[in-house]
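A.B. asks: my questions concern the predicted model and sequence given below.
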Amino acid sequence: MKRLLALVLAFGISTAASASLRFFETDYLPESKTHQYTVRLDGSTRYMLTSTSCSGGADYDLEVIDPDGKSVVKSTSTSEDFDFVRFDSGETGNYTLKITAYKGNNWYTLTLISPYKN
């Protein structure tokens, strides 16, 4: 059991060490409102965008818009408290990260990491 735990911890640490934080924001978001952020991303790179409800009870929807204004990915989770999307950037440029409070009013944390490996 101790060896298994050590292996899991080592794998988690090595995977986390290979990723880098590209964007981080914490803010309050009322129900039905949207916040959006513009970030410059490298092309041909895998990313993961996550949202976390700081004290629970809120359902957030995520969307990533490419430099041409087209939706790259949208979250479809109905889970409260945590949501994520993975996407590959097609080109280098300014991408828009959108978070919408589908249900509930709460503080959130929005995080973008890269490169993300499956």
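C.D. replies: It's in.
A.B. asks: do I have it right that Thr48 meets Leu97?
C.D. replies: One correction, residue 48 is Met, not Thr. No: using CB atoms under 8 Å, Met48 is not in contact with Leu97; the gap is 11.7 Å. Backbone N, C-alpha and C define where each C-beta goes, glycine included.
A.B. asks: what about Tyr28, which helix or strand?
C.D. replies: In this structure, Tyr28 sits in strand 20-29 according to DSSP states H and E.
A.B. asks: mind listing the strands for the chain?
C.D. replies: 20-29, 34-41, 46-53, 59-65, 71-74, 82-88, 93-103, 106-114 (DSSP state E).
A.B. asks: hmm, back to that, so what sits against both of Met48 and Leu97?
C.D. replies: Leu112 (CB atoms under 8 Å, 6 or more residues apart in numbering).
A.B. asks: which one of the two has more residues nearby?
C.D. replies: Between Met48 and Leu97, counted using other CB atoms under 10 Å, the more crowded position is Leu97 (23 against 18).
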